[in-house]
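Participant: the amino acid sequence is not available; the structure is as follows:
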């Protein structure tokens, strides 16, 4: 499950877990994601409560950790987003890109519990990037899923795709 901040990944993750499925938030998997300098790839400290300039830093998945996770687990749903994630889409059986309208996303960003994306400039940038991000993901084979509906309905749709195999 992917989408920019405020697209509803955490709610989907929780609903999958509530149904007894193995679902992980990629931000909470030790060693999987870190802030990196976009030029050097070196880890850097970022105060995510402030505006984050993604031309200078990226929230990047670590390939080795991701590959180990994917090969050591059975059926697994990963819910998350990273600056470099499009590079890893071929590793997944299916990728679901969560879609929503800008107003819904902005309201979710404003009401989210964590400190990231509270800065108004950051919120505007995230909302602006969402549609382009989904378009890029779909171009690479992701399935677009409307996440403005009740979470149970959205998860039912996602699971209908996984039961096709």
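Facilitator: In hand now; what should we look at? None of the values given here were measured: they were computed from a predicted structure. Residues are numbered from 1 along each chain as shown.

Participant: pLDDT below threshold where in this structure?
Facilitator: 164-165 (pLDDT under 70).

Participant: all the helices of it, in order from the start?
Facilitator: For the chain, helices defined by DSSP state H occupy the ranges 9-18, 63-72, 102-111, 120-139, 151-162.

Participant: pick the most buried one from the ones you listed.
Facilitator: helix 9-18 (a mean of 19; mean count of other Cβ atoms under 10 Å). Using the backbone N, CA and C atoms, a C-beta is placed for each residue, glycine as well.

Participant: picking up where we left off before, out of the helices of the chain, nearest to residue 31?
Facilitator: Closest to residue 31 of the helices of the chain is helix 63-72 (Cβ to Cβ; 4.8 Å).

Participant: quick one: contacts of the closest one?
Facilitator: Helix 63-72 is contacted from outside by 24, 29, 31-32, 76, 78, 88, 91-92, using Cβ atoms under 8 Å, 6 or more residues apart in numbering.

Participant: so what's the closest residue to residue 16 other than its chain neighbours up against?
Facilitator: Spatial nearest neighbour of residue 16, chain neighbours left out: residue 23 (3.7 Å); criterion: Cβ to Cβ, 6 or more residues apart in numbering. Contacts for residue 23 (Cβ under 8 Å, 6+ apart) come out as 12-13, 16-17, 76-79.

Participant: if you set the cut-off to 7 Å instead, what comes out?
Facilitator: Residue 23 makes contacts with 13, 16-17, 77, 79, as judged by Cβ atoms under 7 Å, 6 or more residues apart in numbering.

Participant: and the gap between residue 87 and residue 63?
Facilitator: Separation of residue 87 from residue 63 (Cβ to Cβ, to the nearest Å) stands at 8 Å.

Participant: is the residue nearest to residue 16 bridged to anything, and to what?
Facilitator: Here residue 23 sits in beta bridges with residue 77, going by DSSP bridges.

Participant: state the number of residues packed around the closest residue to residue 61 other than its chain neighbours.
Facilitator: Of all residues not flanking residue 61 in the chain, residue 82 sits nearest, at 4.4 Å (Cβ to Cβ, 6+ apart). For residue 82, the count of nearby residues is 20 (other Cβ atoms under 10 Å).

Participant: okay but residue 13 is in contact with residue 25, surely?
Facilitator: Yes - shown here, residue 13 and residue 25 form a contact pair, counting by Cβ atoms under 7 Å, at 5.3 Å.

Participant: between these two, which contacts overlap?
Facilitator: By Cβ under 7 Å, 6+ apart, the residues touching both residue 13 and residue 25 are residue 79.

Participant: having no further points to raise, I will conclude here.
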